[in-house]
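Asks: Provided below are the primary sequence and the corresponding predicted coordinates.
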Amino acid sequence: MKKKVIAMVGVACMAALLTACAGSGTKTETTAAEQKEAGKLVMVTNAEFPPYEYYDKNKIVGIDVDIARAIADKMGVELDVQDMAFDSLIPAVQSGKADFTAAGMTVNEDRKKNVDFTDTYAEAAQVIIVKEGSEIKTPDDLTGKKIGVQTGTTGDIYADDIENADVNRYNKGMEAVMALTQDKIDAVIIDREPAKVFVKENAGLVILDEAFTEEEYAIAVKKDNKELLDKINGAIKELKESGELKKIVDKYITAE
């Protein structure tokens with residue numbers, strides 16, 4: 001009987017010891033995971049928008065990526081860049097799937113209802129791409145035309161204001177450009193810098209001299225995340241004052 005009691009006590013002690021060890025291990029792993037997450041910023045973008053974001057082989061590169069990485073460096077954290085459809089970017093930030101989005105995103109009132117924007121880091125414009133010899137010479141000539149845009153972009157938003165226009169929406173800017181080369185549409189409305197790339201890569205296309213709209217780009221964070229907003233703004237200010245931001249832009253956009 002004595003041996004049986006001792007054995008039972010031994011089993012109980014062993015079970016308690018194993019439980020304690022397991023609990024301690026779990027706690028350590030959770031803490032490590034939390035520390036890892038605390039040291040990383042998740043950025044979502046749409047890598048179909050050169051030179052702001054695009055693929056170089058299997059790596060996402062571009063102006064926005066370099067700026068975001070410089071911001072992350074100043075904050076002492078790692079940057080995790082994830083690619084997704086443009087119209088999924090703001091929902092990803094709202095849901096907490098991402099910390100912020102940098103995607104050549106124009107600041108406008110509709111977007112301000114859903115996210116908070118940082119200070120502006122770049123000025124841009126929506127332009128019109130047409131085929132050489134097109135009867136479309138100015139934005140006013142878009143009335144009643146078939147127009148291609150990338151879904152969710154400001155080109156998409158503003159195209160709805162064109163009288164009697166037939167707006168064709170594409171997931172990627174390049175898809176809209178291809179439709180233009182195939183005479184499926186009459187014009188494409190898109191950001192100036194990607195437009196330059198698309199025109200350079202596709203003979204027979206030109207950009208109209210008159211811009212469709214003038215815009216400002218900023219980074220979007222979740223509503224009321226003031227701590228992150230302030231940190232990013234502080235980093236942007238430093239990048240501007242040091243001249244590093246200009247160097248990043250000049251790396252991708254050369255003077256004409």
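Replies: Alright, I've got the coordinates. Since the model is a prediction, treat every value here as computed from it, not as a measurement.

Asks: closest to the centroid, which residue in the protein?
Replies: By C-alpha atoms, centre = their mean, the mean C-alpha position of the chain lies nearest to Thr45, the distance being 2.5 Å.

Asks: mind checking how far that one is from Glu135?
Replies: 36 Å (C-beta to C-beta, to the nearest Å). From N, CA and C alone the C-beta is placed, and that goes for glycine too.

Asks: how many other residues sit next to Lys237?
Replies: Using other C-beta atoms under 10 Å, Lys237 has 12 neighbouring residues.

Asks: where do the strands sit along the protein?
Replies: Listed in chain order, the strands of the chain (DSSP state E) span 40-45, 48-49, 53-56, 59-61, 78-83, 100-101, 115-117, 122-131, 146-150, 166-170, 187-191, 205-207, 213-217, 220-222.

Asks: of the ones you listed, which is nearest Val177?
Replies: strand 187-191 (5.7 Å; C-beta to C-beta).

Asks: and the closest one, what does it pack against?
Replies: strand 122-131, strand 146-150, helix 154-159, helix 173-181, helix 192-201 (3 or more C-beta pairs under 8 Å, 6 or more residues apart in numbering; DSSP states H and E).

Asks: just how off-centre is the third one within its chain?
Replies: For helix 154-159, the distance between its averaged C-alpha position and the chain's averaged C-alpha position is 17 Å (C-alpha atoms, centre = their mean, to the nearest Å).

Asks: just the buried residues of that helix, please?
Replies: Buried residues in helix 154-159, counted by 16 or more other C-beta atoms under 10 Å: Thr154, Gly155, Asp156, Ile157, Tyr158, Ala159.

Asks: stretch 215-233 now?
Replies: Buried residues in stretch 215-233, counting neighbours by 16+ other C-beta under 10 Å, are found at 215, 217-222, 225, 228-229, 231-233.

Asks: okay if I get the residues you listed as JSON lines plus pLDDT and distance to Lys200?
Replies: Converted to JSON lines, the buried residues of stretch 215-233 look like this (pLDDT from 0 to 100; distance: C-beta to C-beta, whole Å):
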{"residue": "Glu215", "pLDDT": "88", "distance to Lys200": "22"}
{"residue": "Tyr217", "pLDDT": "94", "distance to Lys200": "21"}
{"residue": "Ala218", "pLDDT": "97", "distance to Lys200": "27"}
{"residue": "Ile219", "pLDDT": "98", "distance to Lys200": "28"}
{"residue": "Ala220", "pLDDT": "98", "distance to Lys200": "29"}
{"residue": "Val221", "pLDDT": "97", "distance to Lys200": "34"}
{"residue": "Lys222", "pLDDT": "97", "distance to Lys200": "37"}
{"residue": "Asn225", "pLDDT": "95", "distance to Lys200": "39"}
{"residue": "Leu228", "pLDDT": "96", "distance to Lys200": "37"}
{"residue": "Leu229", "pLDDT": "97", "distance to Lys200": "36"}
{"residue": "Lys231", "pLDDT": "96", "distance to Lys200": "37"}
{"residue": "Ile232", "pLDDT": "97", "distance to Lys200": "32"}
{"residue": "Asn233", "pLDDT": "98", "distance to Lys200": "34"}
